[in-house]
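Visitor: make a model of this:
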Amino acid sequence: MRLTHLAVLGVPAVALVMLSTGGKPATSAPPVDTAARARCASRLSLALTGKAADAALIANADPQSQVDALLETPEFVEQFSRYINSQFNPEPGDLVFRDSSYFLSKHVLQNHRPWHELFDGPYDVVADGNGGGTVVDNPDGLGYFRSRPWMVRYAGNEEQGLRLVAAFRIQQNVIGLDVTAVTNAPDVDISANGRKAAGCAGCHYDPYFALDKVAAILTRKSGPADNPTFIAPIGPAQSILGGQMIANDKQLVTALVNSTDHRFNTCRLAFTYLYGRPEASCEAPLFDACIDAYEQTNDIRAALKTIAKDDSFCE
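Guide: Next up is the predicted model:
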């Protein structure tokens, strides 16, 4: 069954599967005339790289045959990394090196690493000394989730140091979790006990993504907001993500990356990048093909090319 926290984003995956049983996505065929080929070339180049199509692509008899080449360009890497950063953060970082998802996305794409390494790879994103960020190998890394700039950015202000903001952000980045924060009235109890009250427990303790339970297995913030340290979690292991016993951030991210929700969210990101909107229910066969391509390859480019090479993209 599709989890309810993804249903709020649009058509649930289970609905897509049900709608897709009657057919397969169309295969690509070259546009039929010169004007159609030019439109197709322009759309592909703008969608994939953010740049106007060059003369060679416009002149190509089958512009969609060049999708693989477009996905290898530096322009695509830059554009897609910026897009991912915009989807994973509510606003740009106050300091450039705190946009950890941007720097690690570029690294993963440039080095043709499995896309899940953005979340669970042995890396660290650190300041480069020039105001930007750089990716370094770190066997104890967890994508960018253990990178200090990201941890400080999403440390939050919970009174016991629980990283509730990070608990949400990790799940939002990996599986597309979408919940709405409730503005607190002056007299509302925002302590751990207060968050167990009706109206708060529905996000913090009860559901699949229970934010307080996830935060309990993350390291805690200690010290001043501008220069905190991170100390041991309050623990112990928590029953979250549909009854899985999770003891630490690595187990959490591993479970999220291995979930159907991650594959669903990856293809939703791909659709939104190319179309400027999530998938529609009538696109269920193509969406399923995208999920299959990503599941088989762990390659975000495979997900994107499944969509961009389909006949419907240039219609």
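
Visitor: helices of the stretch 1-150 of the chain, residue ranges please.
Guide: In the stretch 1-150 of the chain, the helices defined using DSSP state H, counting those that start in this stretch lie at 4-7, 13-19, 34-49, 55-59, 67-70, 74-88, 100-110, 117-120, 148-153.

Visitor: quick one, the third one and helix 74-88 angle?
Guide: Going back to what we said before, that points to helix 34-49. Here helix 34-49 points in a direction 60 degrees away from that of helix 74-88 (axes from the mean of the first three to the mean of the last three C-alpha atoms, to 10 degrees).

Visitor: buried residues in helix 34-49?
Guide: For helix 34-49, burial by neighbour count (16 or more other C-beta atoms under 10 Å) applies to 37-45, 47-49. In this view, the C-beta of every residue, glycine as well, is placed from N, C-alpha and C.

Visitor: residues near residue 148, how many?
Guide: Applying other C-beta atoms under 10 Å, we find 16 residues neighbouring residue 148.

Visitor: next one: it from residue 270, what distance?
Guide: Relative to residue 270, residue 148 is positioned 30 Å away (C-beta to C-beta, to the nearest Å).

Visitor: now residue 36
Guide: Distance, residue 36 to residue 270, using C-beta to C-beta: 24 Å.

Visitor: all strands for the stretch 151-300 of the chain, in order.
Guide: 220-222, 229-231, 238-240, 244-246 (DSSP state E, counting those that start in this stretch).

Visitor: chain center to the first one: distance?
Guide: Distance of strand 220-222 from the chain centroid (C-alpha atoms, centre = their mean, to the nearest Å) equals 25 Å.

Visitor: and the third one, by the same measure?
Guide: Between the centre of strand 238-240 and the centre of its chain there are 22 Å (C-alpha atoms, centre = their mean).

Visitor: out of the helices of the stretch 1-150 of the chain, nearest to residue 315?
Guide: Proximity to residue 315, assessed across the helices of the stretch 1-150 of the chain by C-beta to C-beta, is greatest for helix 34-49 (9.0 Å).
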